[in-house]
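In: need a structure here:
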Amino acid sequence: MSTWPDDDVILYDGVCIFCSRWVRFVIARDTARRFRFTPIQSGYGTRLAKTFGIDPDDPDTNAVVHGGIAYMKSDAALTVLSHLPGWRWTRTLFAVPKPLRDAVYSLIARNRYKTFGKYETCFVPDADMRARVLE
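Out: Now for the predicted structure:
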(Lines give C-alpha, C1' and ligand atoms only; values in the text may rest on other atoms or scores of the structure.)
Protein backbone atom coordinates (compact mmCIF):
# COMPACT_ATOMS: atom_id res chain seq x y z
CA MET A 1 0.00 0.00 0.00
CA SER A 2 1.21 3.48 -0.88
CA THR A 3 0.41 6.84 0.68
CA TRP A 4 -1.04 10.01 -0.85
CA PRO A 5 -1.71 13.41 0.76
CA ASP A 6 -5.36 13.75 -0.38
CA ASP A 7 -7.89 11.51 1.33
CA ASP A 8 -11.03 9.69 0.21
CA VAL A 9 -10.20 10.02 -3.48
CA ILE A 10 -11.42 7.36 -5.90
CA LEU A 11 -9.31 6.86 -9.04
CA TYR A 12 -11.33 5.35 -11.89
CA ASP A 13 -11.14 4.69 -15.62
CA GLY A 14 -13.17 7.58 -17.07
CA VAL A 15 -13.80 5.93 -20.44
CA CYS A 16 -15.05 2.68 -18.91
CA ILE A 17 -18.85 2.60 -18.76
CA PHE A 18 -18.81 0.15 -15.82
CA CYS A 19 -16.34 2.32 -13.89
CA SER A 20 -18.35 5.48 -14.57
CA ARG A 21 -21.48 3.73 -13.32
CA TRP A 22 -19.54 2.75 -10.18
CA VAL A 23 -18.81 6.44 -9.59
CA ARG A 24 -22.48 7.34 -10.02
CA PHE A 25 -23.43 4.46 -7.67
CA VAL A 26 -21.10 5.82 -4.99
CA ILE A 27 -22.24 9.43 -5.44
CA ALA A 28 -25.91 8.44 -5.12
CA ARG A 29 -25.23 6.69 -1.81
CA ASP A 30 -22.49 8.87 -0.33
CA THR A 31 -24.83 11.17 1.57
CA ALA A 32 -21.96 12.54 3.66
CA ARG A 33 -20.18 13.53 0.41
CA ARG A 34 -17.03 11.91 1.77
CA PHE A 35 -15.56 10.65 -1.50
CA ARG A 36 -14.11 12.66 -4.35
CA PHE A 37 -13.24 11.26 -7.75
CA THR A 38 -10.59 11.56 -10.41
CA PRO A 39 -10.56 9.91 -13.82
CA ILE A 40 -7.27 8.23 -14.63
CA GLN A 41 -7.25 10.22 -17.89
CA SER A 42 -6.96 13.58 -16.06
CA GLY A 43 -3.62 15.10 -15.12
CA TYR A 44 -4.26 14.53 -11.43
CA GLY A 45 -5.51 10.99 -12.05
CA THR A 46 -2.51 10.11 -14.21
CA ARG A 47 -0.10 11.34 -11.51
CA LEU A 48 -1.99 9.36 -8.88
CA ALA A 49 -2.00 6.22 -11.06
CA LYS A 50 1.71 6.42 -11.78
CA THR A 51 2.47 6.93 -8.09
CA PHE A 52 0.65 3.68 -7.32
CA GLY A 53 2.12 1.70 -10.22
CA ILE A 54 -1.05 1.69 -12.34
CA ASP A 55 -0.52 2.06 -16.09
CA PRO A 56 -2.73 5.06 -17.04
CA ASP A 57 -2.93 3.79 -20.64
CA ASP A 58 -4.07 0.30 -19.62
CA PRO A 59 -5.46 0.43 -16.07
CA ASP A 60 -6.27 -2.91 -14.49
CA THR A 61 -7.71 -1.55 -11.25
CA ASN A 62 -9.41 1.37 -9.67
CA ALA A 63 -7.99 2.69 -6.43
CA VAL A 64 -9.14 4.62 -3.41
CA VAL A 65 -7.05 6.67 -1.03
CA HIS A 66 -8.52 6.32 2.44
CA GLY A 67 -6.78 7.26 5.66
CA GLY A 68 -3.81 8.34 3.55
CA ILE A 69 -3.35 4.79 2.20
CA ALA A 70 -4.05 3.65 -1.36
CA TYR A 71 -6.15 0.52 -1.71
CA MET A 72 -6.43 -1.36 -5.01
CA LYS A 73 -8.65 -3.97 -6.62
CA SER A 74 -11.10 -5.67 -4.24
CA ASP A 75 -9.69 -3.79 -1.23
CA ALA A 76 -10.56 -0.51 -2.96
CA ALA A 77 -14.13 -1.54 -3.79
CA LEU A 78 -14.80 -2.96 -0.32
CA THR A 79 -13.23 0.04 1.41
CA VAL A 80 -15.56 2.39 -0.47
CA LEU A 81 -18.65 0.23 -0.03
CA SER A 82 -18.03 -0.27 3.68
CA HIS A 83 -18.14 3.50 4.21
CA LEU A 84 -21.50 4.01 2.49
CA PRO A 85 -24.73 4.06 4.50
CA GLY A 86 -26.51 0.73 4.21
CA TRP A 87 -23.44 -1.02 2.81
CA ARG A 88 -21.38 -1.41 5.98
CA TRP A 89 -22.16 -5.14 5.92
CA THR A 90 -19.64 -5.46 3.07
CA ARG A 91 -16.87 -5.28 5.69
CA THR A 92 -17.58 -8.97 6.28
CA LEU A 93 -16.31 -9.67 2.76
CA PHE A 94 -12.79 -8.77 3.90
CA ALA A 95 -12.89 -12.24 5.53
CA VAL A 96 -12.77 -13.78 2.05
CA PRO A 97 -9.11 -14.42 1.19
CA LYS A 98 -7.64 -11.52 -0.79
CA PRO A 99 -6.29 -13.73 -3.63
CA LEU A 100 -9.82 -15.03 -4.25
CA ARG A 101 -11.40 -11.54 -4.04
CA ASP A 102 -8.76 -10.09 -6.36
CA ALA A 103 -9.15 -12.96 -8.85
CA VAL A 104 -12.87 -12.15 -9.20
CA TYR A 105 -12.08 -8.43 -9.39
CA SER A 106 -9.43 -9.00 -12.09
CA LEU A 107 -11.80 -11.16 -14.15
CA ILE A 108 -14.36 -8.35 -14.22
CA ALA A 109 -11.70 -5.67 -14.85
CA ARG A 110 -10.17 -7.62 -17.73
CA ASN A 111 -13.55 -7.96 -19.47
CA ARG A 112 -15.13 -4.61 -18.56
CA TYR A 113 -14.90 -3.03 -22.03
CA LYS A 114 -16.21 -6.17 -23.74
CA THR A 115 -19.07 -6.62 -21.31
CA PHE A 116 -20.10 -3.03 -20.53
CA GLY A 117 -18.56 -0.95 -23.30
CA LYS A 118 -16.34 2.08 -23.50
CA TYR A 119 -16.88 5.80 -24.04
CA GLU A 120 -14.91 7.54 -26.78
CA THR A 121 -13.86 10.19 -24.26
CA CYS A 122 -14.13 10.57 -20.50
CA PHE A 123 -17.75 10.84 -19.43
CA VAL A 124 -18.78 14.36 -18.42
CA PRO A 125 -20.28 14.54 -14.94
CA ASP A 126 -23.25 16.74 -14.15
CA ALA A 127 -22.74 19.92 -12.10
CA ASP A 128 -23.22 18.20 -8.73
CA MET A 129 -20.73 15.48 -9.60
CA ARG A 130 -18.27 17.95 -11.10
CA ALA A 131 -17.87 19.63 -7.71
CA ARG A 132 -16.46 16.33 -6.39
CA VAL A 133 -14.11 15.61 -9.31
CA LEU A 134 -10.41 16.35 -9.02
CA GLU A 135 -8.65 16.96 -12.33
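In: elements contacting the worst-scoring helix or strand of the chain on mean pLDDT?
Out: Each helix and strand of the chain was given a mean pLDDT (mean pLDDT, DSSP states H and E); the minimum falls on helix 127-130 at a mean of 69. The contact analysis (3 or more CB pairs under 8 Å, 6 or more residues apart in numbering; DSSP states H and E) places helix 127-130 against helix 17-29. No exception for glycine: its C-beta is placed from N, CA and C like everyone else's.
In: how much distance is there from the helix it packs on to the middle of the chain?
Out: 9 Å (CA atoms, centre = their mean, to the nearest Å).
In: Buried ones in the helix or strand just after that helix, by neighbour count?
Out: Sequence order places strand 36-39 as the next helix or strand after helix 17-29, per DSSP states H and E. By 16 or more other CB atoms under 10 Å, the buried positions in strand 36-39 come out as 36-39.
In: Pro56 belongs to a strand?
Out: No - counting by DSSP: H, G, I helix; E, B strand; the rest coil, Pro56 is located in no strand; its state is coil.
In: Could you give the secondary structure assignment for Leu93?
Out: Leu93 ends up helix, using three-state DSSP.
In: since we're on the residue nearest to Ile27 when sequence neighbours are not counted, how many residues are nearby?
Out: Nearest non-adjacent residue to Ile27, counting by CB to CB, 6 or more residues apart in numbering: Met129, 5.9 Å away. Neighbour count for Met129, taken as other CB atoms under 10 Å: 14.
In: check contacts around Pro59.
Out: Counting by CB atoms under 8 Å, 6 or more residues apart in numbering, Pro59 touches 13, 40, 49.
In: measure it to Tyr113 for me?
Out: 11 Å (CB to CB, to the nearest Å).
In: before we move on, the earlier item: going by neighbour count, which of the contacts of Pro59 comes out on top?
Out: Asp13 leads the contacts of Pro59 on contacts (other CB under 10 Å) with 29 neighbours.
In: If we ignore the residues flanking it in sequence, what's nearest that residue?
Out: Cys19 (4.4 Å).
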